[in-house]
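Q: test case, fold it:
(2 chains)
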Amino acid sequence: MNKSSIDTTLAATYYQEMLRIRLVETEIAERYSEQEMRCPVHLSDGQESVAVGVCSALKKTDKIFSNHRCHAHYLAKGGDMGRMLAEIYGKETGCLGGRGGSMHLADPDCGLMASIPIVSSAIPLAAGSALADQQNGLNHVTLVFFGDASVEEGVFHETANFASLRNLPVVFVCENNVYSMYTNIRDRQPNRSILDLPAAHAIQGYHEDGNDIFAVHKATKNAVERARSGAGPTFLLFDTYRWREHCGPALDPEDSYRDKGEYDTWLGNCPIERIKRVMNENGNFPLEWYENVEKNIRAEITESFNFAKTSPLPSPLSENSETYA
Amino acid sequence: MKNERLITLGDAIREGLDESMARDESVFLMGEGITDKTAIFGTTNGLIDKFGEHRAVEMPVSENGLVGVAIGASMFGRRPVINFHRVEFALLALEQIFNNAAKMHFISNERHSVPLVIRMVIGRGWGQGPEHSQSLESIFAHVPGLKVVMPTFAADAKGMITAAIEDNNPVIYIEHRWLHNSSGHVPEGYYRSDLDGPKVIRKGADATVVTTSYMGLEALHAAEALAEISCSLEVVDMRVLRPFNPGTIVDSVRKTGHLMTVDTGWVSYGVGAEVVATVVSSCFGQLKSAPVRLGTSSRPTPSSRGFIPGFYADAEKIVRKTGLMLDIPKDKIEFVCSKLKKDRGDLPIDVPDPYFKGPF
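A: Numbers count the residues shown, from 1 in each chain, chains lettered A, B, ... in the order given. Below is the predicted model:
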């Protein structure tokens, strides 16, 4: 990259947003053994650049849907950290009042409409959101995050077919982190590009290094502009990597389900280290600046955990009443 | 009460859709073949011509995906009405219905709602066979967050489709194919019938018979026949399965002391099971006999009409079981049954009995 074309201010913003996600996910992992976060957690360490790169290309009024691995998307879209942690702690101050837990995070005011942990289940919801906007003549864009296994589900294809047919203002974002739980993609799909699948539905696809936040942002910006202009859906495939186990706090570099050497390769590809290199090669960011950034983030994290820990649990719902709108 | 006239239940549904689409621009139709000339058994005839193509979304043959799309659209200000020609097609969409439609309001801490209506048709007769004849309301009625309704009469069909569309919750609207051509007195213009609960459709003193859908007509037929031997049945049409408000039924059983359920589904884990359990828990002391459940035989519906005699609950079975329940002398029951048989005559078993054309 040409030195003069790098927006180092933007890079610094990206760095702070990604570091914020990394540090809070790490803190969740470290505190998990306290057994006060009593729900399954699917952490995003290593994948921060996709969340931040994508969400930075969206307006606040654009909508996103996510899945069980939603913490990074929630934070990147502007969700409040205290309410996220309170939800994971099961408290009534959580973003869902404790009803959904870690796998269902949402903040509709910021644009995260719902996170659905059944693989691919949110994909048609996103298309429906786009259909509503199309019918109402609004120029919002809806974007849905899913993993590499999601394209194995029939409902992805059903939605892609319909979105393509109708030119819906929807963007499909596939985070390929190689593993579905502990099963490598080569054991789940034949040897062909994932992009063959949206192509079969006449949907244009783009394949980018998911840990290159500038590439992620640029691809998303183009896709969002296409959608907003009425040109229909785009499929974005971002290669990235998950550092922790599928569900839970452990880093598992030595676990036999990962190919030998693969983990170290991806560690060296850390999106936060990469943006730091870009910043340091193109701008002037002294050590104090980094220390200050980390200090501020840690202060927010501490305050957010305290908020979650000191918030009350919700009360049991009446046994005989059912919640209808 | 507005001017009433005699129309079919199918036309009544169409009128309800028409009124709803006229009053609320956000209401739109979805279906596989919603734009074709068959117009969902005629129930959507002329609506797209009247309101415009933008008020109908043709569904590719992708039930799960398109129900999900409808749920998503309904979260953002639209009010879709999905039309399935058969209950069975909805099976492909159970994940979206049970997980997203039923739970979105609750999980979102009541921030989102899903004002979606899904029409499903129960098939019967003409050899439609195992996968076009099922009555699967129990599956949907089991799930918190859904509403499940089964209109039996034309006036209710119109009022309840309106109420379902106006409801901010996902409503499963199950209609019986053999009721589409039955007639009833239906008010003109807009009205709604609240999705409140069971209704007494024939007052009686000797036994309470709770029915769903088409079985309401069989029970009325049986009640008319039994009246000739001075046995009076009180027939209660379930109408709304979920939420289940059993008050009307419990009041009836307190009065009569006897309960029979007759529904269109399989007996095990069916609607009758829920009704009997609720009634027994509520007024055990007033029961004078053990409740009886009638329904469809516990096997897939075979296609050939050779298999069908005795397969479904019908007026004759209701009469016979009532006789046992109330200790009515056998000769009187035989008298009633032979009259029922004579009335039916040579009518083939795989088409609706003209008796059930109404009006009721």
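Q: so the closest residue to residue A:293 other than its chain neighbours: helix, strand or coil?
A: In space, and not counting its chain neighbours, residue A:293 is closest to residue A:16: 5.5 Å by C-beta to C-beta, 6 or more residues apart in numbering or on different chains. The way it works is simple: take the backbone N, C-alpha and C, and place the C-beta from them, glycine included. Secondary structure state of residue A:16, per DSSP: H, G, I helix; E, B strand; the rest coil, is helix.
Q: count of residues packed around residue A:16?
A: 17 (other C-beta atoms under 10 Å in any protein chain shown).
Q: likewise residue B:199?
A: Neighbour tally, residue B:199, other C-beta under 10 Å: 17.
Q: surely it and residue B:248 touch.
A: Yes - assessed by C-beta atoms under 8 Å, residue B:199 is found in contact with residue B:248 at 6.8 Å.
Q: identify the contacts common to the two.
A: Residues touching both residue B:199 and residue B:248 by C-beta atoms under 8 Å, 6 or more residues apart in numbering or on different chains: residue B:236.
Q: poorly predicted segments of chain A, please.
A: In the predicted model, chain A carries pLDDT under 70 at residues A:1-4.
Q: quick one: neighbours of residue 286, just the number.
A: As the question left the chain open, I've gone with chain A. Counted with other C-beta under 10 Å, residues neighbouring residue A:286 total 9.
Q: not quite, go with chain B.
A: 15.
Q: for it, which non-adjacent residue is spatially closest?
A: The spatially closest residue to residue B:286, leaving aside those adjacent along the chain, is residue B:254, at 4.8 Å (C-beta to C-beta, 6+ apart).
Q: helix or strand for that neighbour, which one?
A: Element membership of residue B:254, judged by DSSP states H and E, is helix B:247-256.
Q: can you list the buried residues in that helix?
A: B:248, B:249, B:250, B:251, B:252, B:253, B:256 (16 or more other C-beta atoms under 10 Å in any protein chain shown).
Q: with pLDDT and distance to chain A added, can I get the residues you listed in a markdown table?
A: As requested, the buried residues of helix B:247-256 are exported to a markdown table (pLDDT from 0 to 100; distance: C-beta to the nearest C-beta, whole Å):
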| residue | pLDDT | distance to chain A |
| --- | --- | --- |
| B:248 | 98 | 18 |
| B:249 | 98 | 18 |
| B:250 | 98 | 16 |
| B:251 | 98 | 19 |
| B:252 | 98 | 22 |
| B:253 | 98 | 21 |
| B:256 | 98 | 27 |
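Q: tell me where chain B has helices.
A: B:9-23, B:47-51, B:63-74, B:94-95, B:104-107, B:137-141, B:154-166, B:215-227, B:247-256, B:271-283, B:315-325, B:330-344 (DSSP state H).
Q: ok, now how distant is the residue positioned nearest the centre of chain A from chain B?
A: Residue closest to the mean C-alpha point of chain A, counted by C-alpha atoms, centre = their mean, is residue A:73 at 3.5 Å. The gap separating residue A:73 from chain B is 16 Å, by C-beta to the nearest C-beta, to the nearest Å.
Q: name the nearest residue to that residue, sequence neighbours excluded.
A: Nearest to residue A:73 is residue A:66, by C-beta to C-beta, 6+ apart, at 4.3 Å.
Q: tell me how far the one you found lies from chain B.
A: Distance from residue A:66 to chain B, by C-beta to the nearest C-beta: 13 Å.
Q: count of neighbours near that residue?
A: Neighbours of residue A:66 (other C-beta under 10 Å): 29.
Q: residue A:217 contacts residue A:55, correct?
A: No - Residue A:217 lies out of contact with residue A:55 (C-beta under 8 Å); the separation is 9.4 Å.
Q: between those two, which is the more surrounded one?
A: Set residue A:217 next to residue A:55 and count neighbours by other C-beta under 10 Å: residue A:55 wins out with 27 against 20.
Q: backbone dihedrals for the residue nearest to the more buried one when sequence neighbours are not counted, both of them.
A: In space, and not counting its chain neighbours, residue A:55 is closest to residue A:76: 3.9 Å by C-beta to C-beta, 6+ apart. For residue A:76, the backbone dihedrals (degrees, to the nearest 10) come out as phi -70, psi -30.
Q: now residue A:40: closest residue in space, sequence neighbours ignored.
A: Nearest to residue A:40 is residue A:247, by C-beta to C-beta, 6+ apart, at 5.0 Å.
Q: just say helix, strand or coil for that neighbour.
A: coil.
Q: I'd like to know how far residue A:142 sits from residue A:215.
A: Residue A:142 is 22 Å from residue A:215, where distance means C-beta to C-beta, to the nearest Å.
Q: ditto for residue B:111
A: 34 Å.
Q: what's stretch B:300-317 in contact with?
A: Contacts for stretch B:300-317 (C-beta under 8 Å, 6+ apart): B:124, B:127-131, B:133-134, B:215, B:218-219, B:221-222, B:225, B:262-264, B:294-297, B:337, B:340-341, B:348-350.
Q: residue of the stretch 1-150 of chain A nearest chain B, please.
A: Residue nearest to chain B within the stretch 1-150 of chain A: residue A:128 (2.0 Å; C-beta to the nearest C-beta).
Q: report the mean confidence score over stretch B:101-118.
A: The pLDDT scores in stretch B:101-118 average 98.
Q: span of that stretch from start to end?
A: Distance between the two ends of stretch B:101-118: 11 Å, counting by C-alpha to C-alpha, to the nearest Å.
Q: stretch B:102-120 now?
A: End-to-end for stretch B:102-120, by C-alpha to C-alpha: 17 Å.
Q: report the separation between the residue nearest to residue A:40 and residue A:102.
A: When residue A:247 is compared with residue A:102 (using C-beta to C-beta), they lie 10 Å apart.
Q: which neighbours do these two have in common?
A: The contact lists of residue A:247 and residue A:102 share A:40, A:41, A:42, where a contact means C-beta under 8 Å, 6+ apart.
Q: leaving out the residues flanking it, which one is nearest to the closest residue to chain A within the stretch 151-300 of chain B?
A: Using C-beta to the nearest C-beta, the single residue of the stretch 151-300 of chain B nearest to chain A is residue B:168, 3.9 Å away. In this structure, residue B:168 finds its nearest non-sequential neighbour in residue A:325, 3.9 Å apart by C-beta to C-beta, 6+ apart.
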